[in-house]
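K.L.:
okay, predicted coordinates and the sequence, questions at the end:
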Amino acid sequence: MAQQQKAVDVVLVGLGWTNAIMGMELAQEGLNVLALERGEDRDTVPDFAYPKMADELTYGVRYKLMVKPAKSTITVRHSLTETAVPYRHLGSFLPGDGVGGAGTHWNGHTWRPMPEELRLRSYVEETFGKNIMPMDMTIQDYGVSYEELEPHFDFFDKVLGVSGKAGNINGKIQAGGNPFEGPRSNEYPLPPLKRTLNDDLFTEAAKAQGLHPFPLPSSNASEAYTNPYGMQLGPCNFCGFCERYGCINYSKASPQTSILGALKQHKNFAYRTGCEVIKVNLADDKKTAIGVTYIDGNGEEVFQPAKIVVVGTFAYNNVRLLLLSGIGQPYDPVSNTGTVGRNYAYQMMGGATLFFKDKVFNPFIGAGSNATTVDDFAINQIDFAKEGFIGGSYLLAAQTNGQPIRNLPLPQGSPSWGTGWKKAAKDYYGHSMTISSHGSNMSYRDCYLSLDPNYKDNHGLPLLRLTFDWKENDLRMTQFMKNKVGALAKGLNPDFLKMSFKDIGTHYDVRPYQSTHNVGGAIMGTDPKTSVLNRYQQSWDVHNVFVLGSSSFPQNLQYNPTMLVGALAYWSAKAIREQYLKHPGPLVQA
Ligand SMILES: Cc1cc2nc3c(=O)[nH]c(=O)nc-3n(C[C@H](O)[C@H](O)[C@H](O)COP(=O)(O)OP(=O)(O)OC[C@H]3O[C@@H](n4cnc5c(N)ncnc54)[C@H](O)[C@@H]3O)c2cc1C
Ligand code: SF4
């Protein structure tokens with residue numbers, strides 16, 4: 001029999017970006033809020049202190065801050081006819097674990113979506129006609145517009161202390177920023193990060209081709225900054241230990257540095273670590289939740305009663321928790337019925353490495369978001385009918401770290417071991433820069449998430465199964481970007497050039513890192529037949545359950561997701577504060 005805890009108003013499942021935001025908003029409202037996090041407690045001091053944090057083997061290679069697959073993983077297959085097998089060694093994506101979640105070890109690339117991306121199906125159909133859509137492509141509109149989210153993008157910019165240069169303020173194009181972005185109500189809170197040699201070279205090459213380079217919007221602070229919660233950031237010192245590490249310097253915006261320090265001051269907020277939630281408990285009528293069940297650090301089952309449950313456990317974990325709890329109808333791609341698990345999508349990356357014998361880049365001077373980028377190939381800039389695909393990508397030249405184990409690119413043909421490798425490493429360390437493309441991924445009828453029929457976790461519960469493969473549409477998009485990157489790279493006249501883009505026919509490979517930008521499976525929308533959540537990220541089926549994170553995206557953006565993830569969390573919080581608490585029930589009538 002499960003132990004029972006004292007009831008709370010709100011239980012937050014997971015304590016990453018999304019639930020740090022929700023925790024702050026609902027604690028400000030005076031509600032009694034409790035967060036349950038499966039991993040350990042973490043903060044800048046003592047956990048990220050120097051020199052402990054600058055240990056590449058422990059953090060960069062052995063993934064100390066990420067979840068251990070033995071504790072939580074998924075199974076993977078390419079198609080409906082295959083048997084999925086477990087993802088046993090982290091590679092393709094690196095889910096977070098512990099207080100702060102993946103927001104502790106992220107890079108801080110901080111993009112807003114294009115307005116068109118939030119209504120992608122409508123945009124494509126209105127602009128290019130319905131026939132352009134491949135038969136099995138299931139892209140949808142979010143049900144919330146860029147204009148509705150703009151105040152939340154703006155506030156989250158300020159919470160993060162984003163360093164950047166605006167390109168469009170209230171419809172007026174600004175020199176030096178992204179001329180293709182949606183209108184912003186304000187300039188970024190901080191100026192761009194300082195430039196490095198790769199930035200200057202890329203800027204020159206891009207301008208020579210008529211493109212519009214600008215500094216990547218970054219959540220690595222360029223100057224000392226105090227955010228609206230009173231949290232202080234120090235200027236980034238380009239330490240080169242950013243992605244996969246906690247920031248030693250209070251410079252990278254994270255749940256810890258931006259929100260949790262202030263949230264912990266609220267007496268009506270509490271959190272417990274080592275608590276893995278395994279179910280959202282439902283009332284007999286299945287229309288409301290009564291709390292959650294978790295396994296505590298001693299392996300005991302505990303029931304935590306709550307009036308509102310907010311699930312913020314990262315994209316696919318959210319989907320598994322809904323499926324394990326019997327919330328919503330599981331998606332079946334054969335009959336095309338049900339919704340939970342529908343529209344899983346990933347992201348399409350490619351890149352080029354340029355080697356210059358006579359240039360020294362000092363790559364150990366790097367920050368997670370130190371980069372120059374162009375957005376001339378954004379979703380709203382490409383003629384999909386002419387190019388034969390739906391999607392888009394931004395290009396960037398980034399210098400994020402020069403750590404020797406993971407960052408020692410060598411020209412093609414260099415020996416991979418022994419004296420020859422040592423000589424090549426000596427000759428080329430610090431003599432290369434990269435140009436990469438970061439692209440969208442559409443959703444398809446047979447790319448989805450479900451409970452695995454064969455594999456179980458250590459509690460005896462089914463693992464989540466991912467059925468996913470690349471589709472020709474998205475591979476064509478990356479081939480289009482390959483030509484653009486190739487042209488830019490050649491303009492820089494490197495001594496050697498190494499290109500890495502997926503060819504038509506390539507299958508998804510879980511081994512190399514791609515991005516932890518998994519989306520979909522518990523998507524938001526306007527119709528309960530094709531979405532799990534309404535426009536406020538509220539479950540259509542169980543009205544006191546809200547589900548936050550990129551599981552809400554009906555297809556993937558061409559950008560990094562966290563700005564949208566955060567803005568949607570503020571949007572849901574506003575709906576709870578202003579509407580739900582006064583009249584608990586569905587916020588949208590289906
Ligand atoms: C290496 C890396 C680099 C990235 N770089 C960028 C970037 O530059 N820009 C960008 O926009 N995005 C980036 N991201 C993505 C970004 O980190 C995520 O979008 C963001 O952290 C998502 O926040 P979240 O709250 O949804 O989930 P998370 O941050 O993953 O937090 C979820 C929390 O829930 C906990 N949890 C899971 N299951 C349970 C359970 N059953 N019970 C209790 N707790 C549970 C987890 O332990 C975790 O702490 C990056 C991610 C990674 C891994
Ligand atoms: S590069 Fe800057 S933001 Fe990143 S960990 Fe180092 S000091 Fe922090």
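P.N.:
Right, received. Where do you want to start? Ligands and ions are numbered 1, 2, ... in the order given.
K.L.:
going forward, measure contacts between C-alpha atoms and count neighbours the same way
P.N.:
OK.
K.L.:
any regions of the chain where pLDDT drops low?
P.N.:
For the chain, residues meeting the criterion pLDDT under 70 lie at 1.
K.L.:
would you map the helices across it?
P.N.:
17-28, 44-47, 120-128, 146-160, 197-208, 255, 261-263, 315-325, 384-387, 418-428, 472-491, 562-575 (DSSP state H).
K.L.:
in terms of secondary structure, what does the fourth one contact?
P.N.:
In this case it means helix 146-160. Secondary-structure packing of helix 146-160 (3 or more CA pairs under 8 Å, 6 or more residues apart in numbering; DSSP states H and E): helix 562-575.
K.L.:
the helix it packs on close to ligand 1?
P.N.:
Yes: contact between helix 562-575 and ligand 1, assessed by CA under 6 Å from any ligand atom, occurs at 562-563.
K.L.:
quick check: closest non-adjacent residue to residue 132.
P.N.:
With sequence-adjacent residues excluded and distances taken as CA to CA, 6 or more residues apart in numbering, residue 132 is closest to residue 385, at 6.9 Å.
K.L.:
can you check residue 428 too?
P.N.:
Using CA to CA, 6+ apart and skipping residues adjacent in sequence, the residue nearest residue 428 is residue 410, 6.4 Å away.
K.L.:
can you give me the neighbour number for that neighbour?
P.N.:
Applying other CA atoms under 10 Å, we find 23 residues neighbouring residue 410.
K.L.:
which ones are touching it?
P.N.:
Counting by CA atoms under 8 Å, 6 or more residues apart in numbering, residue 410 touches 424-425, 428-429.
K.L.:
wait, the residue nearest to residue 132 sits on residue 130?
P.N.:
No: at 11.1 Å, residue 385 does not count as touching residue 130 under the criterion of CA atoms under 8 Å.
K.L.:
of these two, which one has the most company?
P.N.:
A count of neighbours by other CA under 10 Å puts residue 385 above the other of residue 385 and residue 130, at 15 against 12.
K.L.:
what about residue 51, distance to residue 247?
P.N.:
From residue 51 across to residue 247, the span is 12 Å (CA to CA, to the nearest Å).
K.L.:
and the two? Which one has more around it.
P.N.:
Counted by other CA under 10 Å, residue 51 and residue 247 do not tie: residue 247 has more neighbours, with 28 against 8.
K.L.:
skipping adjacent residues, who's closest to the more buried one in space?
P.N.:
residue 48 (6.3 Å).
K.L.:
can you list phi and psi of that neighbour for me?
P.N.:
phi -100, psi 10 (degrees, to the nearest 10).
K.L.:
quick one: it and residue 250 touch, right?
P.N.:
No: under the criterion of CA under 8 Å, residue 48 makes no contact with residue 250, lying 9.7 Å away.
K.L.:
of the two, who's got more company?
P.N.:
residue 250 (23 against 19).
K.L.:
that one against residue 231, yeah?
P.N.:
No: using CA under 8 Å, residue 250 is not in contact with residue 231; the gap is 9.7 Å.
K.L.:
common neighbours of these two, please.
P.N.:
By CA under 8 Å, 6+ apart, the residues touching both residue 250 and residue 231 are residue 257.
K.L.:
looking at the helices of the chain, which one is packed in the most?
P.N.:
helix 255 (a mean of 26; mean count of other CA atoms under 10 Å).
K.L.:
which other helices and strands does it contact?
P.N.:
Using 3+ CA pairs under 8 Å, 6+ apart: helix 255 touches no other helix or strand.
K.L.:
residues in contact with that helix?
P.N.:
Here helix 255 has contacts from 16-17, 20, 100, 103-104, using CA under 8 Å, 6+ apart.
K.L.:
give me the number of residues near the residue of the stretch 1-150 of the chain found nearest ligand 2?
P.N.:
Going by CA to the nearest ligand atom, ligand 2 is nearest to residue 107 of the stretch 1-150 of the chain, at 7.2 Å. For residue 107, the neighbour count with other CA under 10 Å is 25.
K.L.:
show me what contacts the closest residue to it other than its chain neighbours?
P.N.:
Distances taken as CA to CA, 6+ apart put residue 368 closest to residue 107, at 4.3 Å, once the chain neighbours are dropped. Residue 368 is in contact with 106-109, 220, 240-243, 399-401, counting by CA under 8 Å, 6+ apart.
K.L.:
how about 6 Å then?
P.N.:
Neighbour list for residue 368: 107, 242-243, 400 [criterion: CA atoms under 6 Å, 6 or more residues apart in numbering].
K.L.:
from those, which is closest to ligand 2?
P.N.:
residue 242 (3.8 Å).
K.L.:
for the closest one, which non-adjacent residue is closest in space?
P.N.:
residue 368 (5.1 Å).
K.L.:
over to the one you found: give its phi and psi.
P.N.:
phi -50, psi -40.
K.L.:
ok, now how distant is it from residue 288?
P.N.:
Residue 368 is 42 Å from residue 288, by CA to CA.
K.L.:
residue 171 contacts residue 183, doesn't it?
P.N.:
Yes: the criterion here is CA atoms under 6 Å, and residue 171 meets it with residue 183 at 5.2 Å.
K.L.:
between the two, which one's more packed in?
P.N.:
residue 183 (20 against 13).
K.L.:
what residues are up against the more buried one?
P.N.:
Neighbours of residue 183 in contact, by CA under 6 Å, 6+ apart: 168-171.
K.L.:
list of residues touching the longest strand along the chain?
P.N.:
In the chain, assigned by DSSP state E, the strand with the most residues is strand 301-311. Outside strand 301-311, the residues within contact range by CA under 6 Å, 6+ apart are 2-5, 7-13, 290-295, 544-547.
K.L.:
and those residues near ligand 1, which?
P.N.:
Within these, those near ligand 1 by CA under 6 Å from any ligand atom are residue 13.
K.L.:
now the buried members of the contacts of strand 301-311.
P.N.:
Neighbour-count burial (16 or more other CA atoms under 10 Å) applied to the contacts of strand 301-311 gives 7-13, 290-295, 544-547.
K.L.:
list of residues touching stretch 9-28?
P.N.:
Residues contacting stretch 9-28 (CA under 6 Å, 6+ apart): 32-37, 99-101, 255, 263, 306-313, 569.
K.L.:
got the residues of this structure near ligand 2?
P.N.:
Residues of the chain lying close to ligand 2 by CA under 6 Å from any ligand atom are 220, 236-242, 247-249, 251-252, 366-368.
K.L.:
can we see that at 5 Å?
P.N.:
220, 236-240, 242, 247, 251-252, 367 (CA under 5 Å from any ligand atom).
K.L.:
quick one on the thing from earlier: pull up the pairing partners for the longest strand of the chain, direction included.
P.N.:
The pairing partners recorded for strand 301-311 under DSSP bridges are strand 3-4 (parallel), strand 8-13 (parallel), strand 289-295 (antiparallel), strand 545-547 (parallel).
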